[in-house]
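Student: A structural model of the following input is requested.
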Amino acid sequence: MILAVACAVGLLVADHRSDHLDTVRSMLSVVVYPLHLAVNAPAAYVRTARERMTDEAQLRAANAALGRENLLLKARLQQFESLEAENMRLRDLLGSSFSVGERVLIAEILSVDLTPSRQQVMVNKGTSSGVFVGQPVLDANAVMGQVIRTNPFSSVVLLITDADHALPVEVNRNGVRSIAAGTGLGQGLELLFIPKNADIREGDLLVTSGMGERFPPGYPVARVTTVRQDPDNPFMTVVAEPNARLDRSREVLLVWTLNPQMQQQALTGGGTARGALP
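Tutor: Numbering: from 1, shown residues only. Okay, here's the model as predicted:
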């Protein structure tokens, strides 16, 4: 042992004073390196596996969070698209109200009843908002109908296509007057009692004539689609398609056109809806 200690001390002194043992040290390190790898392999494997498990768990959590965020953003995007469409409709309605030049109220359609026997919608404004029976109703494009029944917070609107509705109109091109009666088919109006020599053409725009003291003159109503003369009929058959989007509008305009006395009479139930057939 003394000899071994003496050799070790001699090697330390020689290594400190000269570089002769560097080559030997390098050769020994090459030989010992696999042993270091073998000794450190289990710890390195455990450490790598733990990091991978942690990374995988974090990735899964991050992926799940991103999935939830993506779903939420898609839902919000759908709401934004709906709000954008609603804003566009409201802008159209407001533009229509400015062109109307009357006092107006925007109402939302609550329910729709579009059957051959009934063409009506319900809106979310009633007598508490000043709505009255016989009040004209428009959308952003044209006349839709008129109020036939009111409640404190809702009203029923009879559409111009209902078989019980008739509206005094005139041809915008030449002023020929007629009555546009609903056919109950949802998208059709028929002009009543048009003589065969009347100047009416396909494509003519029909507007309210102001007769009947219900709708003021100049509101667009429909456009003529069919003009036909039947030998057995003393009058022409004239069919028009409404300009209003009766089956697609979600907001409508309630228009105030009556003078205060007539409006008060309508609110108290003393008025009659002259624009509707009995």
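Student: For the host helix or strand of residue 253, enumerate the helices and strands it packs against.
Tutor: In this structure, residue 253 sits in strand 251-256 according to DSSP states H and E. Applying 3 or more C-beta pairs under 8 Å, 6 or more residues apart in numbering; DSSP states H and E, one finds that strand 251-256 contacts helix 22-100, strand 103-115, strand 118-123, strand 136-138. (Each C-beta comes from the backbone N, C-alpha and C, glycine too.)
Student: What would it look like as PDB? C-alpha coordinates only.
Tutor: Provided in PDB are the C-alpha atoms of strand 251-256 (Å, rounded to 0.1, in the frame of the first residue of the first chain):
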ATOM      1  CA  GLU A 251     -87.400  43.900 -39.400                       C
ATOM      2  CA  VAL A 252     -90.200  46.200 -40.700                       C
ATOM      3  CA  LEU A 253     -91.100  49.900 -40.500                       C
ATOM      4  CA  LEU A 254     -94.300  51.100 -38.900                       C
ATOM      5  CA  VAL A 255     -95.200  54.400 -40.500                       C
ATOM      6  CA  TRP A 256     -97.200  57.200 -39.000                       C
END
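Student: Between strand 103-115 and that strand, find me the angle.
Tutor: 120 degrees (axes from the mean of the first three to the mean of the last three C-alpha atoms, to 10 degrees).
Student: For burial, what's the neighbour tally of residue 44?
Tutor: Counted with other C-beta atoms under 10 Å, the neighbours of residue 44 add up to 11.
Student: ok, now how distant is it from residue 207?
Tutor: 88 Å (C-beta to C-beta, to the nearest Å).
Student: same check, this time on residue 178
Tutor: Residue 178 is 11 Å from residue 207, by C-beta to C-beta.
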